[in-house]
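A.B. asks: coordinates only, sequence not included:
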């Protein structure tokens, strides 16, 4: 399976917003990411607009010619954006507006009925759905019951433990991926994946359809340049896939 690289450009907007104006240019960066080989663009338009703004999302709509992935907490504002934009994918994350970053998956059991309604609504707009989850096997089974097309694994715990014991770090994700695949759920992953740990993750999760990477990739680009950085990430994904062939 070819694992697609979707570049999360939130951090580009964060830098721009720190100074005001339009430097760096979010639209141009999205164009360049795709030109350099990225197979998707991810944004997370939070209500406080501390990075990507609602205007950015609409400005990006005609520019993203690969896959547009809009992630966020599914409140009324988010759903209105999805309905109007109709991106390739809507990724539902459980973080309320006041948190710094996504740091856990959905409790799909406790919020099953809510998620069912959300997934049904979003899919009625012709948009692929993905639900942010951890590696709890019971919650992955409940994710299947929501009707979602895919799950996105929250890989923060994997990245945190990778440097101490990568075999232990990957183990729960392997089991979770095997279950998700057996349930015919597509598998995405994101959060703290990097040049250091991405290849090993992909090597052990051959069912991986897409990774969404922002913070590490944009940080790497400060040293290596954006084009070179994207090529490095694509190379790791391709090399890991060849090991599975």
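C.D. replies: Perfect, thanks for sending it. Predicted, not measured: the structure shown is a model, and the values here were computed from it. Numbering: from 1, shown residues only.
A.B. asks: From here on, just use CA atoms for contacts and neighbour counts.
C.D. replies: OK.
A.B. asks: and the most centrally placed residue in the chain, helix, strand or coil?
C.D. replies: The centre of the chain sits closest to residue 212, judged by Cα atoms, centre = their mean, with a distance of 3.6 Å. Three-state assignment for residue 212 (DSSP: H, G, I helix; E, B strand; the rest coil): strand.
A.B. asks: And it, how close does it get to residue 110?
C.D. replies: Residue 212 sits 26 Å away from residue 110, taking Cα to Cα, to the nearest Å as the criterion.
A.B. asks: need the contact list for the residue nearest to the centre of the chain.
C.D. replies: 5-8, 42, 188-191 (Cα atoms under 8 Å, 6 or more residues apart in numbering).
A.B. asks: mind redoing it with 10 Å?
C.D. replies: Listed by Cα atoms under 10 Å, 6 or more residues apart in numbering, the contact partners of residue 212 are 4-9, 40-43, 69, 152, 188-193.
A.B. asks: in the chain, which ranges drop under the pLDDT threshold?
C.D. replies: Residues of the chain that meet the criterion pLDDT under 70 lie in 96-103.
A.B. asks: List the buried residues for the lengthiest helix in it?
C.D. replies: Ranked by number of residues, the top helix in the chain under DSSP state H is helix 226-244. Of all the residues in helix 226-244, those buried under the rule 16 or more other Cα atoms under 10 Å are 226-227, 229-230, 232-234, 236-238, 240-241.
A.B. asks: One more: stretch 72-83?
C.D. replies: Per 16+ other Cα under 10 Å, stretch 72-83 contains these buried residues: 72-74, 78-79, 81-82.
A.B. asks: what sits up against that stretch?
C.D. replies: 43-47, 54, 57-58, 69-71, 85-97, 102, 115, 118, 121-122, 124-127, 132.
A.B. asks: Give me the buried entries from those.
C.D. replies: By 16+ other Cα under 10 Å, these give 43-47, 54, 57, 69-71, 85-95, 102, 115, 118, 122, 127, 132 as buried.
A.B. asks: Identify those among those that sit within strands.
C.D. replies: Residues from the buried ones among the contacts of stretch 72-83 lying in strands, with DSSP state E as the criterion: 43, 69-71, 89-92, 132.
A.B. asks: Adding distance to residue 173, write those out as CSV.
C.D. replies: Putting those into CSV (distance: Cα to Cα, whole Å) gives the following:
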residue, distance to residue 173
43, 24
69, 22
70, 24
71, 21
89, 22
90, 22
91, 19
92, 19
132, 13
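A.B. asks: how about these, which pair is most distant?
C.D. replies: 43 and 132 (14.5 Å; Cα to Cα).
A.B. asks: quick one, what contacts residue 42?
C.D. replies: 5-10, 30, 57, 64, 67-71, 89-91, 212-214.
A.B. asks: Please apply the same query to residue 4.
C.D. replies: Here residue 4 is in contact with 37-40, 67, 188, 208-212, 234, 237-238 (Cα under 10 Å, 6+ apart).
A.B. asks: How many residues are close by residue 22?
C.D. replies: 12 (other Cα atoms under 10 Å).
A.B. asks: The helix or strand where residue 120 lies - contacts with which helices or strands?
C.D. replies: For residue 120, the host element (DSSP states H and E) is helix 112-124. If you count contacts as 3 or more Cα pairs under 10 Å, 6 or more residues apart in numbering; DSSP states H and E, helix 112-124 packs onto helix 76-85, strand 89-92, strand 128-133, helix 137-145.
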